[in-house]
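coords please:
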Amino acid sequence: MCSNYRPVTSEQRLLTFFGVEYAKGDLPVIETWPLGLAPFIRLSAEGQEGGKPALLADDGQFGLHPHFATEVAYGRKTYNARSETVAKLASFRRAWARGQRCIIPAEGIFEPCYETGKAVRWLIQQPGGVPMGIAGIYETVPTPGGKALFSFAMLTVNAAGHPVFQRMHKPEDEKRMVVILRDEDYLPWLTASVADAPQFFRQYTGPLDAVAAPLPPRGRSAA
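Numbering: from 1, shown residues only. Below you'll find the model as predicted:
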């Protein structure tokens, strides 16, 4: 399960690796936690460009905000969606049924490793600085000001036997990992029917680098 990651916020990197334009230009890479804002990629509702489905990069809240939630803080418990229950749970089933799937571009994600006997944050990323596209679902709800609020969740699968993700989390916990898409699956994931979309619920078998990346110590408060 991923609760902390580095989003892709470079206009050029989003265009180069995901083929999508990002109107906000280059933004600083800020580690994102639930309720933080970061880019996500979805299909355009307006149609196609050059005979191909058009893609959009929008900013959304990390932590899906279902239509029935009354507080933004609801997203603190909906940043990951289990592939086994995404079509059933009230928080996610409307977005899933509507085919509101997205790609979450990430420079890398963080997971806790307990191999030293205590939790140590590790950074997991693809070799060579290539960003990963994580499968997600998104929701949009109106705000009091009339502007749409986008939010998204990362999809996860069982990670038993995976060479990297089985090392993460407490020994007694179920091993989970986000659904990392292959490059060639980006568009098929977004355009597949709801019935066919679960074919992408699988462990990623490509190479991954993992290295300890502890959080910096918190500064002491003034006496």
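
Next, N80: phi, psi?
In this entry, N80 is assigned phi and psi values of phi -120, psi 140 (degrees, to the nearest 10).

Next, count neighbours for it.
19 (other CB atoms under 10 Å). C-beta here means a position set from N, CA and C on the backbone, and glycine is covered the same way.

and if you look at P127?
Other residues near P127 come to 9 when the count uses other CB under 10 Å.

could you say what helices and strands the helix ranked longest in the chain packs with?
Under DSSP state H, the helix in the chain containing the largest number of residues is helix 11-18. Where contact means 3 or more CB pairs under 8 Å, 6 or more residues apart in numbering; DSSP states H and E, helix 11-18 is packed against strand 37-49, strand 52-62, strand 101-113.

angle of it against strand 52-62?
Counting by axes from the mean of the first three to the mean of the last three CA atoms, to 10 degrees, helix 11-18 points 120 degrees away from the direction of strand 52-62.

Just the CA atoms of helix 11-18, as PDB, please.
What follows is helix 11-18, C-alpha atoms only, in PDB (Å, rounded to 0.1, in the frame of the first residue of the first chain):
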ATOM      1  CA  GLU A  11       5.900  19.500 -18.100                       C
ATOM      2  CA  GLN A  12       8.600  18.000 -20.400                       C
ATOM      3  CA  ARG A  13       8.700  14.600 -18.500                       C
ATOM      4  CA  LEU A  14       4.900  14.200 -18.700                       C
ATOM      5  CA  LEU A  15       5.100  14.900 -22.400                       C
ATOM      6  CA  THR A  16       8.100  12.600 -23.100                       C
ATOM      7  CA  PHE A  17       7.100   9.600 -21.000                       C
ATOM      8  CA  PHE A  18       3.300   9.800 -21.000                       C
END
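
Tell me which residues are up against that helix.
Where contact means CB atoms under 8 Å, 6 or more residues apart in numbering, the residues beyond helix 11-18 that reach it are 8, 20-22, 24-26, 39, 41, 55, 57, 103, 105, 130-131, 133, 183, 186.

try 6 Å this time
When contacts are defined by CB atoms under 6 Å, 6 or more residues apart in numbering, helix 11-18 is touched by residues 8, 20, 22, 25-26, 41, 57, 105, 131.

So which bits of that helix are buried?
Buried residues in helix 11-18, defined by neighbour count with 16 or more other CB atoms under 10 Å: 11, 13-14, 17-18.

Reformat those residues into a markdown table and put distance to G99 and pLDDT next to each item.
Converted to a markdown table, the buried residues of helix 11-18 look like this (distance: CB to CB, whole Å; pLDDT from 0 to 100):
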| residue | distance to G99 | pLDDT |
| --- | --- | --- |
| E11 | 27 | 93 |
| R13 | 27 | 95 |
| L14 | 22 | 96 |
| F17 | 24 | 97 |
| F18 | 19 | 97 |
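
now, which of the contacts of helix 11-18 sits nearest F68?
Distances from the contacts of helix 11-18 to F68 were compared by CB to CB; the smallest belongs to I41, at 25.6 Å.

could you list every residue that touches that closest one?
For I41, the set of contacting residues under the criterion of CB under 6 Å, 6+ apart consists of 18, 20, 55, 57, 102-103.

with the buried residues of helix 11-18 in mind, which one is nearest to P142?
Nearest to P142 among the buried residues of helix 11-18, counting by CB to CB, is L14 at 26.3 Å.

isn't E107 right up against M132?
No: contact status for E107 versus M132: not in contact, 8.1 Å apart, counting by CB atoms under 6 Å.

Compare neighbour counts for these two and give me the winner.
Of the pair E107 and M132, M132 is the one with more neighbours under other CB under 10 Å, namely 25 against 20.
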